[in-house]
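[1] Sequence and predicted structure are below.
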Amino acid sequence: MFALLMLSSTFSSLPFWICYFWCGISDILDGLIARKLRQQSGIGAKLDSIADFVFAVTILVTVGKNIALPMYLWWCIVAIALLRLISYSIGFFKYRTFSSLHTLMNKITGISIFAFPLLYICFGLDVAGIMICIVAFLSSFEEIAIMIKSKELNRDIKSIFM
């Protein structure tokens, strides 16, 4: 819900930062609380993946509305989205369900996307954008490889190397 409220705020405004930090804190806390109370579930994992996706899209739209992204970053974003679509399609046809994975690289990608506003302020658009694109490409390729290689769906797989 807070991710959607970010859409109506200006990048770097107080309402943006309040929603932004609440999204990050709630994402961290929901997982910790579920694990602590031993209440993890398949539906919870799916909802977490959907919430992460909504947050990432919201950051992209908010940034896109307020910052002129260079064309190479738009091409990277499109390529990463296509790779994700390929991965989800492989998973859907192979396992007959939505199949986003909670790999370490996907978590690092999520943290990177969450950190974008801070990275942008500290390092500028090019460095922040390239850093996130590299991490997102690596996690996308890893997820595709896992989908192709795995016989059974394990949403909590840590890496193709573990």
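    Right, received. Where do you want to start?

[2] going forward, measure contacts between C-alpha atoms and count neighbours the same way
    Noted.

[3] Need the residue closest to the centroid of this structure.
    Of all residues in the chain, the one closest to the mean position by CA atoms, centre = their mean is G110, 4.0 Å from it.

[4] elements contacting the helix or strand it falls within?
    Element membership for G110, per DSSP states H and E: helix 104-123. In terms of contacts (3 or more CA pairs under 8 Å, 6 or more residues apart in numbering; DSSP states H and E), helix 104-123 is packed against helix 42-66, helix 125-149.

[5] List the buried residues for the helix or strand bottoming out on mean pLDDT in the chain?
    For the chain, using mean pLDDT, DSSP states H and E, the weakest element among its helices and strands is helix 2-6, scoring a mean of 77. Residues 2-3, 6 are the ones in helix 2-6 that count as buried (16 or more other CA atoms under 10 Å).

[6] Just the closest of the residues you listed to V57, please.
    V57 lies nearest to A3 out of these, by CA to CA, at 9.0 Å.

[7] How is the protein partitioned into domains?
    With domains defined by automatic domain parsing, the chain comprises 1-67, 69-162.

[8] and the ones you listed, which one's lowest on average pLDDT?
    Per-stretch mean pLDDT for the domains of the chain is lowest at domain 1-67 (a mean of 82).

[9] Centre of the chain to that one, how far?
    10 Å (CA atoms, centre = their mean, to the nearest Å).

[10] please renumber so the chain begins at 59
    OK, 59 is where the count begins now, so the last one is domain 59-125.

[11] What degree of burial does I101 show, as a neighbour count?
    By other CA atoms under 10 Å, 9 other residues sit near I101.

[12] gap between it and A126?
    I101 sits 37 Å away from A126, going by CA to CA, to the nearest Å.

[13] Y146: which of the buried residues of helix 60-64 is nearest?
    Of all those, Y146 sits closest to A61, with 22.6 Å by CA to CA.
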